[in-house]
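Student: sequence first, predicted coordinates after that:
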Protein chains: 2
Amino acid sequence: MTTATAAPLSPTPRTSPTRGRNRTVAERDHLLAFLDEALLAHLGVWAGGHPVVLPTAYAVDPDGPDEGGSLYLHGSVGAGWLARALEHDVCVTVTELDGLVAARSGFHHSMNYRSAVVIGRARRVEDEQERRHALDLVVDQMIPGRSASLRPPTRKELAATVVLALPLAEASMKRRAEGPVDDPEDIAAGIWGGVIPLRRVAGGPVSDQDSDPSRVPADVADRAAGFR
Amino acid sequence: MTTATAAPLSPTPRTSPTRGRNRTVAERDHLLAFLDEALLAHLGVWAGGHPVVLPTAYAVDPDGPDEGGSLYLHGSVGAGWLARALEHDVCVTVTELDGLVAARSGFHHSMNYRSAVVIGRARRVEDEQERRHALDLVVDQMIPGRSASLRPPTRKELAATVVLALPLAEASMKRRAEGPVDDPEDIAAGIWGGVIPLRRVAGGPVSDQDSDPSRVPADVADRAAGFR
């Protein structure tokens, strides 16, 4: 672990939660571990008159060239959000839902979750080596080790792809991982309260019609097994 | 099903996907069914200089008073994003991840997902009956039927809670639900391709320390069982 990753998070006012400070995760290690584990980001860009929030794959290089490390996104050169993303600061939020909190009143119903918010100015990655590295990381975020088992991208594929990098410097993380926080009267009344834990699981790999089901690669099999 | 819900989606330019039109879901029924099933929204608001994207619970009333039906959000009166959400149009995006698409090249790696995007001006709900209805819907979105089994909110709880409504008029939905779309050369080369299906499952309900594990309510037990 590098010095950078062992440091505490030092969010600015715009990434400092104004509510629920007790849920704030202060360690950069925890942020990086969470971003390493999660699969899906929601990217918010200003589209002129309104924000747009889109689901997207992502990957992180804690030792990337941006301040605090690099969060990478990719997209087609034809994607409408892309030009917008470079005009203003953007927000990338990664959330995993861990449970439904069934409190003893509607008011105290909640969810258990982990969520990271990164705000900053995206940089369009131009360096060819960094672009390839970032695209490999995005594939490996989905299925660890997979990029090394595949052919390299073609010149045409690279030309069709834009890679953006966002500094991890301005980031915050929140986590709720507990039972309901109820009013004493509702507890005394004997009403049931608790949590329904949620998790993501994988089904067995489904081979494409042109692929041999007996030849599922180890990285794919491991990934599918790892979710259980 | 009302006439409104049976109608096709008629997105405006800002909710018309510019890429991947083949993934567009054109039926309002499908949008509503998806929003009924999913659990978590990401709300994007303009915070002055940058967007902020926050995870949040939500609920939908297809027959709500807003054009196309109402999408409800709630929050604490002290929440920082709340004032911002009323100053500009907002974007609410709901995404469920359904699989990892392990293509035969890195370029064609993808995810299977369903995602709905709703853009519009939020309305602060003032009518007390609509506020209570919306808050019940948010609880029931997490655990169907639960709101009816709980005490009504107190005056103090209602005073601490803000409810926002967003018209479902301007909405779009995309879905990817297939195997990899690979280049013929990579298929001919005999490389394996396929999908790792993903789904959300629940563990058994975890009773709070002051609750009797043998008295888990039926709505909670049903919800936990329904995820499997």
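Tutor: Looks like it arrived, so ask away.

Student: mind checking which helix or strand the residue positioned nearest the centre of chain A is in?
Tutor: Chain A has A:Val94 as the residue nearest its centroid, 3.6 Å off, counting by Cα atoms, centre = their mean. Following DSSP states H and E, one finds A:Val94 within strand A:90-102.

Student: may I see the buried residues of that strand?
Tutor: By 16 or more other Cβ atoms under 10 Å in any protein chain shown, the buried positions in strand A:90-102 come out as A:90-102. Any C-beta I mention is one placed from the backbone N, CA and C, and that applies to glycine too.

Student: quick one: strands adjacent to it?
Tutor: Strand partners for strand A:90-102, identified by DSSP bridges, are recorded as strand A:41-46 (antiparallel), strand A:110-120 (antiparallel), strand A:194-202 (antiparallel).

Student: nearest to A:Leu135, out of those strands?
Tutor: Comparison of the strands paired with strand A:90-102 against A:Leu135 by Cβ to Cβ identifies strand A:41-46 as nearest, at 15.5 Å.

Student: got the contact list for the closest one?
Tutor: A:51-58, A:73, A:81, A:84-85, A:87-88, A:90-95, B:42, B:44, B:46, B:50-53, B:91, B:93, B:95 (Cβ atoms under 8 Å, 6 or more residues apart in numbering or on different chains).

Student: looks like the residue nearest to the centre of chain A contacts A:Leu32 (just checking).
Tutor: No: the pair A:Val94 / A:Leu32 is not scored as a contact, 11.5 Å apart, by Cβ atoms under 8 Å.

Student: and whichever helix in chain A runs longest, average pLDDT?
Tutor: Using DSSP state H, we find that the single longest helix of chain A is helix A:128-142. Helix A:128-142 carries an average pLDDT of 98.

Student: list the buried ones in that helix?
Tutor: In helix A:128-142, the ones that count as buried by 16+ other Cβ under 10 Å are A:130-142.

Student: quickly check: it near chain B or not.
Tutor: Yes: legend: contact between helix A:128-142 and chain B by Cβ under 8 Å from any Cβ of the partner chain is shown at A:135-136, A:138-139, A:142.

Student: to what extent is A:Ala79 buried, counted in neighbours?
Tutor: Close neighbours of A:Ala79, defined as other Cβ atoms under 10 Å in any protein chain shown, add up to 18.

Student: swap that for A:Ala83, sorry
Tutor: Going by other Cβ under 10 Å, the residues that sit close to A:Ala83 add up to 11.

Student: please apply the same query to the one 3 residues further on.
Tutor: The tally of other residues near A:Leu86 (other Cβ under 10 Å) stands at 15.

Student: can you give me phi and psi for it?
Tutor: phi -100, psi -10 (degrees, to the nearest 10).

Student: where in chain A is pLDDT low?
Tutor: Low-confidence segments of chain A (pLDDT under 70): A:1-8, A:10-11, A:17-22, A:228.

Student: starting at the chain centroid, how far to stretch A:60-67?
Tutor: Mean-position distance between stretch A:60-67 and its chain equals 15 Å (Cα atoms, centre = their mean, to the nearest Å).

Student: I meant stretch A:217-228, not that one.
Tutor: Centroid separation for stretch A:217-228 versus its chain: 20 Å, with Cα atoms, centre = their mean.

Student: contact partners of that stretch?
Tutor: With Cβ under 8 Å, 6+ apart as the criterion, stretch A:217-228 contacts A:142-146, A:149, A:200-205, B:100, B:102, B:192, B:194, B:196, B:198.

Student: just the buried ones out of those, please.
Tutor: Going by neighbour count (16+ other Cβ under 10 Å), the contacts of stretch A:217-228 have A:142-143, A:146, A:200, A:202, A:205, B:100, B:102, B:192, B:194, B:196, B:198 buried.

Student: reformat these as CSV; add distance to B:Ser110.
Tutor: Shown next, in CSV, are the buried ones among the contacts of stretch A:217-228 (distance: Cβ to Cβ, whole Å):
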residue, distance to B:Ser110
A:Met142, 9
A:Ile143, 12
A:Arg146, 13
A:Arg200, 17
A:Ala202, 16
A:Pro205, 15
B:Leu100, 8
B:Ala102, 9
B:Trp192, 16
B:Gly194, 12
B:Ile196, 12
B:Leu198, 13
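
Student: mind listing the helices for chain A?
Tutor: A:3-6, A:28-37, A:80-87, A:128-142, A:155-159, A:184-188, A:218-226.

Student: what angle sits between the fourth one and strand B:90-102?
Tutor: Looking back up the chat, that one is helix A:128-142. In terms of direction (axes from the mean of the first three to the mean of the last three Cα atoms, to 10 degrees), helix A:128-142 departs from strand B:90-102 by 90 degrees.

Student: helix A:128-142 to helix A:28-37, inter-axis angle?
Tutor: Helix A:128-142 runs at 80 degrees relative to helix A:28-37, counting by the same axes, to 10 degrees.

Student: and for A:Arg14, the neighbour number?
Tutor: Neighbour number of A:Arg14 under other Cβ under 10 Å is 18.

Student: for the residue nearest to it when sequence neighbours are not counted, give the beta-bridge partners.
Tutor: Spatial nearest neighbour of A:Arg14, excluding adjacent residues (Cβ to Cβ, 6 or more residues apart in numbering or on different chains): A:Ile119 at 5.8 Å. Residues in a beta bridge with A:Ile119, per DSSP bridges, are A:Cys91.

Student: contacts only, for A:Ile119.
Tutor: By Cβ under 8 Å, 6+ apart, A:Ile119 lies in contact with A:14-15, A:89-92, A:170-171, B:50, B:52.

Student: need these in CSV (columns: distance to A:Arg23).
Tutor: Shown next, in CSV, are those (distance: Cβ to Cβ, whole Å):
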residue, distance to A:Arg23
A:Arg14, 18
A:Thr15, 14
A:Asp89, 24
A:Val90, 23
A:Cys91, 18
A:Val92, 19
A:Glu170, 19
A:Ala171, 15
B:His50, 22
B:Val52, 16
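
Student: out of those, which is nearest to A:Ala159?
Tutor: A:Val90 (23.5 Å).

Student: am I right that the closest one is in contact with A:Arg123?
Tutor: No: judged on Cβ under 8 Å, A:Val90 makes no contact with A:Arg123 at a distance of 10.8 Å.

Student: so what sits against both of those two?
Tutor: Shared contacts of A:Val90 and A:Arg123 (Cβ under 8 Å, 6+ apart): A:Leu166.

Student: with the buried ones among the contacts of stretch A:217-228 in mind, which one is nearest to B:Arg155?
Tutor: Nearest to B:Arg155 among those is A:Arg200, at 39.6 Å by Cβ to Cβ.

Student: from A:Arg104, how far off is the most far-flung residue of chain A relative to its centre?
Tutor: Most distant residue from the mean C-alpha position of chain A: A:Ala189, 40.5 Å away (Cα atoms, centre = their mean). Computed as Cβ to Cβ, to the nearest Å, the A:Ala189 to A:Arg104 distance reads 7 Å.

Student: for A:Gln129, same thing?
Tutor: For A:Gln129, the distance to A:Arg104 equals 56 Å [Cβ to Cβ].
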